[in-house]
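>>> How does the following fold in three dimensions:
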Amino acid sequence: MSYRALVLSQSPDRKVTGSIDALPDDRLPPGNVTVTVEYSTLNYKDGLVLTSGGGLVKTWPHVGGIDFAGTVEASDDPAFKRGDKVVLNGWRVGELHWGGYATKARVKGDWLVKLPASISTKRAMAIGTAGYTSMLCVMALEKHGIAPAAGEILVTGAAGGVGSIAVAILARLGYSVTAATGRPQEGGYLTALGARTIMDRKDIVEAPDRPLLSERFAGLIDTVSGVMFAKALAQVKYNGAAAVCGLAAGPSFPGSILPFILRNIAVYGIDSVMLPKASREAAWRRLGTDLPLDRLDSTVSDAGLSDLMTLAPKILKGEIRGRVVVDVNK
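Just a heads-up that it's a prediction; the model follows:
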């Protein structure tokens, strides 16, 4: 038997090319669960793999796709049976292990989560790692004790995949959401997701260069890092918290210790790759109840495997609104 996959190759100058090929089942990687993949998605990390490898892929040829959702075809793991609807995020799948840009995938059962009945495989990929990460960020703020009555929550990079879904979840839970974006033309889109206030990114990054600014935000979900994070952090209220999950502006930021020791602010680092299974399952259960799926649909654009090589540079440039769902059968 065979399956269809976007097979990537890297040239000596690190340029990546892709072709859609039919592969025999014996080319599937090791694992104890085989999944018929229905949908995947496009994340920033996928964009790196599809354009240069991003230092993430160690062996070529390669099949990318860090997320996928589908139906169990065969399982040697007692936790899963044929016909189960499952989702996978992370575990270096799509990087070190062949991923979801194919009609089949073989992985370890420990990496999979059963989908809540309320979430279809297509909507699972509309959520993807981005939405799953958003939920983890919201749960971190809740863990810190930040309730809707505490005040505004700032979401940076709000028009992107993580930011869009974070806005929708927070609004559904009753928080007052301020959405910061470098694309102010997306204000209507973000308002429809539930944002009460739209901020132009420059209003944050061009704020005075001081470690502490006027207290405004009860909490912060940052997907950007860099100057944006430093200036946003300087506006978090006493005893507030920031959940940080992205580095679109790079891994470093021009920060100061003062917000932490003078305002008692906590920072929660959000990892979506190697998180233990129980925490993953908890996040997906919450997504099944706390994410307004009708609003989620407005964040989605559709693509097929043949579109990915064109879309990859766009997501790296921040030119993709919301989420891209990839139908691997197209």
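>>> where does the residue nearest to Lys15 when sequence neighbours are not counted fall, phi/psi-wise?
Once flanking residues are discounted, Lys15 sits nearest to Ser52: 7.2 Å by Cβ to Cβ, 6 or more residues apart in numbering. C-beta: built from backbone N, CA, C; applies to glycine. Backbone geometry at Ser52, expressed as degrees, to the nearest 10, gives phi -140, psi -10.
>>> Also Ser75?
Dihedral angles (degrees, to the nearest 10) for Ser75: phi -150, psi 130.
>>> before we move on, the earlier item: which residues does the residue nearest to Lys15 contact?
Applying Cβ atoms under 8 Å, 6 or more residues apart in numbering, we find Ser52 in contact with 10, 14-16.
>>> By neighbours, which of those wins?
Val16 (21 neighbours; other Cβ atoms under 10 Å).
>>> can you pull the pLDDT of it?
Note on Val16: pLDDT of 97.
>>> how close does it sit to Leu115?
Counting by Cβ to Cβ, to the nearest Å, the gap from Val16 to Leu115 is 31 Å.
>>> ok, now Lys15?
From Lys15 to Leu115 the distance is 36 Å (Cβ to Cβ).
>>> what does Ser11 give?
Ser11 is 38 Å from Leu115, where distance means Cβ to Cβ.
>>> Compare these two (neighbour count), which wins?
Set Ser11 next to Leu115 and count neighbours by other Cβ under 10 Å: Leu115 wins out with 22 against 9.
>>> how near is the more buried one to Leu141?
Taken as Cβ to Cβ, the span from Leu115 to Leu141 is 25 Å.
>>> ditto for Gly18
Gly18 is 39 Å from Leu141, by Cβ to Cβ.
>>> For the two, indicate the residue with more neighbours.
Per other Cβ under 10 Å, whichever of Gly18 and Leu141 has more neighbours is Leu141, with 26 against 21.
>>> List the buried residues in the helix or strand that one falls within.
Under the criterion of DSSP states H and E, Leu141 resides in helix 121-143. Going by neighbour count (16 or more other Cβ atoms under 10 Å), the buried part of helix 121-143 is 121-141.
>>> returning to that earlier point: and of the contacts of Ser52, the nearest to Asn89?
Ranked by distance to Asn89 (Cβ to Cβ), the contacts of Ser52 are led by Val16 at 22.3 Å.
>>> Could I get the phi/psi values of the closest one?
Dihedral angles for Val16 - degrees, to the nearest 10 - are phi -100, psi 130.
>>> Which of the contacts of Ser52 fall in helices?
Assigned to helices by DSSP state H, none of the contacts of Ser52 qualify.
>>> Just give me the closest of those to Thr178.
Using Cβ to Cβ, these come closest to Thr178 at Val16, 37.6 Å.
>>> so that closest one touches Leu8, yeah?
Yes: applying Cβ atoms under 8 Å as the test, Val16 and Leu8 come out as touching, 5.4 Å apart.
>>> how close does Ser298 get to Ala126?
10 Å.
>>> Next: Gly246.
Taking Cβ to Cβ, one finds Gly246 at 19 Å from Ala126.
>>> Then Lys104?
In terms of Cβ to Cβ, Lys104 sits 21 Å off from Ala126.
>>> re the thing from before, return the distance of the helix holding Leu141 from the chain's centre.
7 Å (Cα atoms, centre = their mean, to the nearest Å).
>>> Kindly report the same for stretch 152-171.
That offset, for stretch 152-171, works out to 12 Å (Cα atoms, centre = their mean).
>>> same deal with stretch 60-67?
With Cα atoms, centre = their mean as the basis, stretch 60-67 stands 17 Å off its chain's centre.
>>> tell me which residues in that stretch are buried?
Buried, per 16+ other Cβ under 10 Å, within stretch 60-67: 61-67.
>>> Turn these into JSON lines, including pLDDT.
Below are the buried residues of stretch 60-67 laid out as JSON lines (pLDDT from 0 to 100):
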{"residue": "Pro61", "pLDDT": "97"}
{"residue": "His62", "pLDDT": "98"}
{"residue": "Val63", "pLDDT": "98"}
{"residue": "Gly64", "pLDDT": "98"}
{"residue": "Gly65", "pLDDT": "98"}
{"residue": "Ile66", "pLDDT": "96"}
{"residue": "Asp67", "pLDDT": "96"}
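>>> what's the closest of the residues you listed to Thr34?
Val63 (14.2 Å).
>>> Once you drop chain neighbours, what's closest to the closest one?
The spatial neighbour of Val63 that comes closest, neighbours along the chain excluded (Cβ to Cβ, 6+ apart), is Trp98 at 4.0 Å.
>>> The residue positioned nearest the centre of the chain and Leu275, how far apart?
Nearest to the geometric centre of the chain sits Ala130, at 1.6 Å (Cα atoms, centre = their mean). Per Cβ to Cβ, Ala130 is found 15 Å from Leu275.
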